[in-house]
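J.: Just the structure for this:
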Amino acid sequence: MKKVSERLDAWLDWYSGELPHKGEWKEVAAEIGVSPEALYRELASRKL
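T.: This next block holds a predicted model:
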């Protein structure tokens, strides 16, 4: 998967759509192999 959106979708599917607690998003970014900034942009576009 190349796109951040695809990686985040796969991660959310794996964890049954449960969002991490505040402060754990950097760990999610590392887990899916993207920069925290890229993940935050994707989250902002989804308004999560």
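J.: Please make it C-alpha for all contacts and neighbour counts, starting now.
T.: OK.
J.: what's the nearest residue to the most centrally placed residue in the chain if we skip its chain neighbours?
T.: Taking CA atoms, centre = their mean, the centroid of the chain lies closest to Leu8, which sits 4.2 Å from it. Distances taken as CA to CA, 6 or more residues apart in numbering put Ile32 closest to Leu8, at 7.3 Å, once the chain neighbours are dropped.
J.: helix/strand/coil for Val28?
T.: Three states are possible here, and by DSSP: H, G, I helix; E, B strand; the rest coil the one that applies to Val28 is helix.
J.: sorry, back to before: what helix or strand does the residue nearest to the centre of the chain sit in?
T.: helix 4-14 (DSSP states H and E).
J.: now that helix: mean pLDDT?
T.: Confidence for helix 4-14, expressed as mean pLDDT, is 97.
J.: now what about that helix, what contacts it?
T.: Under the contact criterion CA atoms under 8 Å, 6 or more residues apart in numbering, helix 4-14 has outside partners Met1, Glu18, Leu19, Ile32, Val34, Ala38, Leu39, Glu42.
J.: now those: which count as buried?
T.: Neighbour counting with 16 or more other CA atoms under 10 Å marks Ile32, Val34, Leu39, Glu42 as buried within these.
J.: Turn those into a markdown table, columns for pLDDT, distance to Lys26 and secondary structure.
T.: Below are these laid out as a markdown table (pLDDT from 0 to 100; distance: CA to CA, whole Å; DSSP: H, G, I helix; E, B strand; the rest coil):
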| residue | pLDDT | distance to Lys26 | secondary structure |
| --- | --- | --- | --- |
| Ile32 | 98 | 10 | helix |
| Val34 | 98 | 9 | coil |
| Leu39 | 97 | 8 | helix |
| Glu42 | 97 | 13 | helix |
